[in-house]
Every structure is written in structure tokens, then in C-alpha cells.
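Student: Fold the following and give me the result.
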Amino acid sequence: MINNLLIYKFSTLFQILLELESQLNFKIHHIENKEILLSKASKLKNCIVLTKIEIPQINNVLIYNFVPMKLSQLIEKINLHFLKKIFLSQISFKVGRYFLDMNSRQISLNNNKLKLTEKELNTIIYLSKKKLPINVEELEKNVWNYQGGMETHTVETHIYRLRKKIFDKFKDKDFLVKKKKGYLIKK
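Tutor: Numbering: from 1, shown residues only. Prediction:
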């Protein structure tokens, strides 16, 4: 699903973000007309409107209130807004034959439930969105927020424990598998 950021009547910010669009997790649109904004916001499934003013007709509005802010902080705020929107729309979803409940942080199968830690939940969510095996470095960066070049076995240790928990509860050794190029959730 593509995240769309609709920037309303804020051309300077649009130009700045447009230069970085290839590095961002969302597509950027600039809109000057309110009717076009309302139409586009109602048609796009996953969008947030970034504006200087409140727009009562639209639910997903992020108001930029001109407090001095680094560009990286603004992008982080936008990404968090998208994550919150996704979280609220997907409180429970299916991963393979399992159901993942994000509120209770549980994975379940046939009325058997297993409590997960936040990192375990985030790992499963991240891997479930990928089709190819994900290496340790990518998991360190995107799930644990570690910087590159660190010598650590945190990811391997957590995944080993998660695989053991899943096997102990569900007798499933093939849910989260290790491949030559990384880890993969079998769907």
C-alpha cells in the first residue's frame, strides 16, 4: 500500500520534500485548491494531509505549526502519523495461518495464543511484509534502529528465542525460517 502525503497550500515545503522523495516512505502531492484536496483525500486509501490550517472535512490532517523543526524531525513526525493510521486500521491481521493482534501483542492459531514482546511483534510485522529473506543488517536498521557496522548478535538471539516460543506453543518450526540470505516468514 502506498502512503500519500497531500501537501496543501505549502509549496516551499513541497519543493523541499520533493527533492528527497526517493528516500521517503511516501508519495508527495501538492494541492492548492480545496475542492481538489477534498476529492483526492476521499479517493486515496492511505493519505495524510499536511497543512498550515485545520480542515474539518478531512480526518487525517497533520498541521504544521511553524515551530522550528529539523527536516528529519518533520519526516519522522509524518512517518509516525502514517504508522498510527496503519495501526488503527490494522489492529488484527493475518500472517500466514496465524492471526496477529497488535493491541494485545499476541499471535494465535486455533484458539492457542502466545504473548509476544514488542520487538517480536515488530519483527513478525516487518518480515511478513517482505517476500524475500531479510538479512540481519536490515533488521538491525529497520526493527532495532541500530546503525550499521555494529558487532552484535541481538537480532539472531531474539529470532532464535521467537522461533523457540512459536515451536513450543504451536509446534511449528517453519513459520519463521532462516535462509542463506536472511530470515523469512512462510505464508
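
Student: For I134, give me its contacts.
Tutor: Shown in contact with I134 (C-beta atoms under 8 Å, 6 or more residues apart in numbering): Y126, L127, G182, Y183, L184. No exception for glycine: its C-beta is placed from N, CA and C like everyone else's.

Student: So which of these are in helices?
Tutor: The members of the contacts of I134 that map onto helices under DSSP state H are Y126, L127.

Student: want to try CSV for the contacts of I134, with pLDDT, neighbour count and distance to Y98 as columns?
Tutor: Shown next, in CSV, are these (pLDDT from 0 to 100; neighbours: other C-beta atoms under 10 Å; distance: C-beta to C-beta, whole Å):
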residue, pLDDT, neighbour count, distance to Y98
Y126, 89, 16, 15
L127, 92, 20, 12
G182, 91, 19, 20
Y183, 93, 23, 16
L184, 92, 18, 15
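
Student: closest to P68 among the contacts of I134?
Tutor: Distance to P68, by C-beta to C-beta, is smallest for Y126 among the contacts of I134, at 32.7 Å.

Student: OK, contacts around the nearest residue to that closest one once chain neighbours are set aside?
Tutor: Using C-beta to C-beta, 6 or more residues apart in numbering and skipping residues adjacent in sequence, the residue nearest Y126 is V143, 5.3 Å away. Listed by C-beta under 8 Å, 6+ apart, the contact set of V143 reads K119, N122, T123, Y126, V155.

Student: phi, psi of the first one?
Tutor: Dihedral pair for K119: phi -70, psi -40, per degrees, to the nearest 10.

Student: Ok, the third one next?
Tutor: When read as degrees, to the nearest 10, the backbone of T123 gives phi -60, psi -50.

Student: I figured it hits R161, correct?
Tutor: No: counting by C-beta atoms under 8 Å, T123 sits too far from R161 to count as a contact (10.6 Å).
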